[in-house]
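1. Sequence unavailable; structure follows:
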Ligand code: SAM
C-alpha cells in the first residue's frame, strides 16, 4: 500500500478499535485538508528531518510525508497507536520512523541524525509548554518549530510588552526566536473537541540567540520579575541586585516586569 491508497483516518481508527484518551491529551485532527495546511505553514521542509510529537492516528504525519522532507520521526507515548503507525510507516516507504517514547525524555538531535531538523506537532496540551522550553533552550535548537497549542498559550508565547499575556514565555520565546500565530482553529475542528480553541505558532530561532549561560540568567531574571509581576522591578528583583542591577542594565527600576521588552530583559540578564 502507498500513501494514496490508505483508508480515511476515521476508518483507520475504527479498524484498530481506537478512541481518544483524556489522560494523553488526545484531540485528533481527522481532516487532511487541515493537516496539509499545517504542513504547508511549516515549510519549506526540503531535505529536513521532521520531528513530530504525538502522531496519534497519523493525520499530520500523512501530510508531512506528502512534503519533500527527507524523513519524519514520530514520537508517540500511547502504545495503542503503534500498530496503526507501523502500517503508515510501510506506506511511507522508509521515510517514517516511529519511536515509542515520552517526548520529554528523548534527545531530538540524536533521533534526527545528520540533517537539520524541524518540529511540527499538534501538541498534547498538558506537556506543550515544557516541550517548547526544552526545544528553545537547547544549545542546538531545531531549524523551525510549527506547533499547535491552546489559543491562550499561543497568545502567551507571542505576546507584546504591556499586555496581560506578556510574561516569561513571551520573553524567552522572543529572545530565542521570532514567533508568530499563523493559524487559528475552533475547538470543533478536533475529535473529540477540547474545551478551548487552538492556534498554530511558528517559531524561527534567531541566529543571534543568547548562549546557554545567558539563557540561564534570563530564566532567573524573568522568574523573579514575573513571579511578582505587580511589583516594581526594584523590589521584585531585590534578591538579584534590585535597583543596582536595573541601573547597570539601563532599565527603569520603577517599572513593572510587564512593560520591559525582550531587549531590556536581555540587558538585565547580561548585567547579573
Ligand atoms: N497528531 C495527532 C493529530 O493531530 O490528530 C494527535 C494529536 S493529540 C493533541 C496529542 C498526541 O500526543 C496524542 O497522540 C498523544 O497520545 C500524544 N502524547 C501525549 N503525551 C505525549 C508525550 N509526553 N510524548 C509523546 N506523545 C505524547
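-> Alright, I've got the coordinates. What you are looking at is a predicted structure, and each value in this text was computed from that prediction instead of being measured.
2. C-alpha from now on. contacts and neighbour counts both.
-> OK.
3. residues making contact with the top helix by length along the chain?
-> If each helix of the chain is counted by residues according to DSSP state H, the longest one is helix 212-227. For helix 212-227, contacts defined as C-alpha atoms under 8 Å, 6 or more residues apart in numbering pick out 137-139, 167-168, 171-172, 233, 236-237, 240, 256-258, 265-266, 268-270, 272.
4. One more pass at 7 Å, please.
-> 139, 167-168, 233, 236-237, 257, 265-266, 269-270 (C-alpha atoms under 7 Å, 6 or more residues apart in numbering).
5. buried ones in it?
-> 214-215, 217-219, 221-226 (16 or more other C-alpha atoms under 10 Å).
6. same thing with stretch 44-60?
-> 45, 48-60.
7. does that stretch come close to the ligand?
-> Yes: contact of stretch 44-60 with the ligand (C-alpha under 6 Å from any ligand atom) involves 53-60.
8. now these in TSV, with secondary structure, distance to residue 252 and pLDDT?
-> Shown next, in TSV, are these (DSSP: H, G, I helix; E, B strand; the rest coil; distance: C-alpha to C-alpha, whole Å; pLDDT from 0 to 100):
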residue	secondary structure	distance to residue 252	pLDDT
53	strand	42	98
54	coil	44	98
55	coil	47	98
56	coil	49	98
57	coil	51	98
58	coil	50	98
59	helix	49	98
60	helix	46	98
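9. For the stretch 151-272 of the chain, which segments are assigned as helices?
-> 151-158, 168-176, 212-227, 233-236, 242-249, 262-271 (DSSP state H, counting those that start in this stretch).
10. okay, the ones you listed in CSV with distance to residue 87 next?
-> As requested, the helices of the stretch 151-272 of the chain are exported to CSV (distance: least, C-alpha to C-alpha, whole Å):
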stretch, distance to residue 87
helix 151-158, 33
helix 168-176, 36
helix 212-227, 40
helix 233-236, 54
helix 242-249, 56
helix 262-271, 46
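11. The ones you listed: which one's closest to residue 190?
-> helix 151-158 (13.7 Å; C-alpha to C-alpha).
12. Please work out the average pLDDT along that closest one.
-> The average pLDDT for helix 151-158 rounds to 98.
13. Same question for that helix: list its buried residues.
-> 151, 153-158.
14. Please apply the same query to stretch 255-267.
-> Quick answer for stretch 255-267 (16+ other C-alpha under 10 Å): 256-258, 260-262, 264-267.
15. Relative to the ligand, which of these is nearest.
-> Nearest to the ligand among those is residue 262, at 29.6 Å by C-alpha to the nearest ligand atom.
16. can you tell me which two in the buried residues of helix 212-227 are farthest apart?
-> Farthest pair in the buried residues of helix 212-227, by C-alpha to C-alpha: 214 and 226, 17.8 Å.
17. Neighbours of the closest residue to residue 233 other than its chain neighbours, how many?
-> In this structure, residue 233 finds its nearest non-sequential neighbour in residue 253, 5.1 Å apart by C-alpha to C-alpha, 6 or more residues apart in numbering. Other residues near residue 253 come to 20 when the count uses other C-alpha atoms under 10 Å.
18. Tell me which residues touch residue 253, please.
-> 232-234, 243, 246.
19. what residues does the stretch 51-200 of the chain put near the ligand?
-> 53-60, 75-78, 102-104, 122-124.
20. one step back: can you tell me which of the contacts of residue 253 are buried?
-> 232-234, 243, 246.
21. just to revisit the earlier point, and of the buried residues of helix 212-227, the nearest to the ligand?
-> residue 219 (23.1 Å).
22. what about the closest one, distance to residue 212?
-> Using C-alpha to C-alpha, to the nearest Å, residue 219 is found at 10 Å from residue 212.
23. Show me the shaky parts of the stretch 1-150 of the chain.
-> Along the stretch 1-150 of the chain, no part satisfies pLDDT under 70.
24. Just give me the closest of the buried residues of helix 151-158 to the ligand.
-> residue 151 (13.3 Å).
25. Hmm, the closest one is touching residue 195, no?
-> No: contact status for residue 151 versus residue 195: not in contact, 11.0 Å apart, counting by C-alpha atoms under 7 Å.
26. Of the buried residues of helix 151-158, just say which sits nearest to residue 32.
-> Among the buried residues of helix 151-158, and counting by C-alpha to C-alpha, the member closest to residue 32 is residue 151, at 21.0 Å.
27. show me the contacts for that closest one.
-> 197-199.
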